[in-house]
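Participant: Provide a 3D model corresponding to the input given below.
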Amino acid sequence: MVILIRKRHLAYGLLLCCFVAGLSAVLWHGNAAFTAAFAPEALPALTVVVDAGHGGEDGGAVAGDGTVESGLNLAIARRVRDLLTFAGVPTAVTREGEAAIYDPGSATLREKKVSDLHNRVDLVNAIPGAVLLSIHQNSLPSSPSTQGAQVFWNRQAGAESLAASIQEALNTAVNAGHEKKAAQVPSSVYLMKEITAPGVLVECGFLSNAGETERLKDPAYQTRLAAAIASGLLTGLTT
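Facilitator: A predicted model of the protein is given here:
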């Protein structure tokens, strides 16, 4: 297998070295209990907050076969976190497991969703030098043939260029024939609007597309997505 690496995609090459060194084993087992092998010298002082969207009673989008978004988000987010940690990038997460992070006193589903979002905003805003990376799945039942991963940015400085870098990596890795452009996130997305840090939201694929749903459920494809997202993020942070 011949791998071509663009000179300016140094971070992508870095991640490929990680795989050669045994990173794939870490990702397959979802184990983050290891020491970072190196730290990219060009990275500024920051912490990447990896957000697995939804959780608990709020499962998010649901595919035709019953696959729920929140579980896919968590699986991909864990892989991204492991890659970044291995690369020496400080990370934090909004949720460790399947449950959401709403306050104990929340009763209705609406109260739980509102509390969960508020807590995620507070978590991100409390971390100095935070960069939010939020993982989601898309759905467009009116167009079941639509597929592909797309990245959105918030209005904070640096978010747009970061989203463009991640989008380029995704277009190369998983979007061949279905390339997309990064776009500004709608103002209705509360988390992305309320945080004071640069934030990007990655819609990894469409659960309304049966073929893409099958790929998204595949651990190997989840690893491929995570590697593209992490490499695009590192490239965006170091250029």
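Participant: Show me what secondary structure element comes after the worst-scoring helix or strand of the chain on mean pLDDT.
Facilitator: Ranking every helix and strand in the chain by mean pLDDT, DSSP states H and E puts helix 24-29 at the bottom, with a mean of 41. Going down the chain from helix 24-29, the next helix or strand is strand 47-52, by DSSP states H and E.
Participant: Let me know the next secondary structure element after that next one.
Facilitator: Note on strand 47-52: by DSSP H and E, the next helix or strand toward the C-terminus is helix 69-86.
Participant: Now do the biggest helix by length in the chain, average pLDDT.
Facilitator: Secondary structure assigned by DSSP state H gives helix 219-238 as the longest helix of the chain. Per-residue pLDDT over helix 219-238 has a mean of 96.
Participant: Give the residue spans of this protein that score low on pLDDT.
Facilitator: Counting by pLDDT under 70, the chain has low-confidence residues at 1-44.
Participant: three-state assignment of the residue nearest in space to the middle of it?
Facilitator: The centroid of the chain falls nearest to I135 when counting by C-alpha atoms, centre = their mean (3.6 Å). At I135 the chain is in strand, as set by DSSP: H, G, I helix; E, B strand; the rest coil.
Participant: do you know how far it is from V124?
Facilitator: 14 Å (C-beta to C-beta, to the nearest Å). All C-beta spots, glycine's among them, are computed from the backbone N, C-alpha and C.
Participant: buried residues in stretch 186-194?
Facilitator: For stretch 186-194, the neighbour count (16 or more other C-beta atoms under 10 Å) marks V189, L191, M192, E194 as buried.
Participant: Am I right that the second one sits in a helix?
Facilitator: Read it as L191. Yes: assessed with three-state DSSP, L191 lies in a helix.
Participant: I figured it was touching V121, is that so?
Facilitator: Yes: using C-beta atoms under 8 Å, L191 is in contact with V121, at 6.1 Å.
Participant: give me the number of residues near the nearest residue to A92 once chain neighbours are set aside?
Facilitator: Nearest residue to A92, sequence neighbours excluded (C-beta to C-beta, 6 or more residues apart in numbering): V49, at 4.8 Å. Using other C-beta atoms under 10 Å, V49 has 23 other residues around it.
Participant: What of S142?
Facilitator: S142 has 7 neighbours, counted by other C-beta under 10 Å.
Participant: Also S165?
Facilitator: 25.
Participant: Return the distance of it relative to S143.
Facilitator: Using C-beta to C-beta, S165 is found at 27 Å from S143.
Participant: Name the surrounding residues that touch stretch 148-157.
Facilitator: 132, 138, 159-160, 162-164, 166-167, 170, 174-175, 178-186, 189, 192-193, 195-206, 212, 225, 228 (C-beta atoms under 8 Å, 6 or more residues apart in numbering).
Participant: Then stretch 61-72?
Facilitator: For stretch 61-72, the external contacting residues (C-beta under 8 Å, 6+ apart) are 52-56, 58-60, 98, 136-139, 204, 207-208, 210, 213, 216-217, 222.
Participant: Now that we have those residues, which of them are buried?
Facilitator: 52-56, 58-60, 136-139, 204, 207-208, 213, 216-217, 222.
Participant: quick one: V151 is in a helix?
Facilitator: No: V151: not assigned to a helix; according to three-state DSSP it is strand.
Participant: That one bridge partners, please.
Facilitator: On the basis of DSSP bridges, V151 is bridged to V202.
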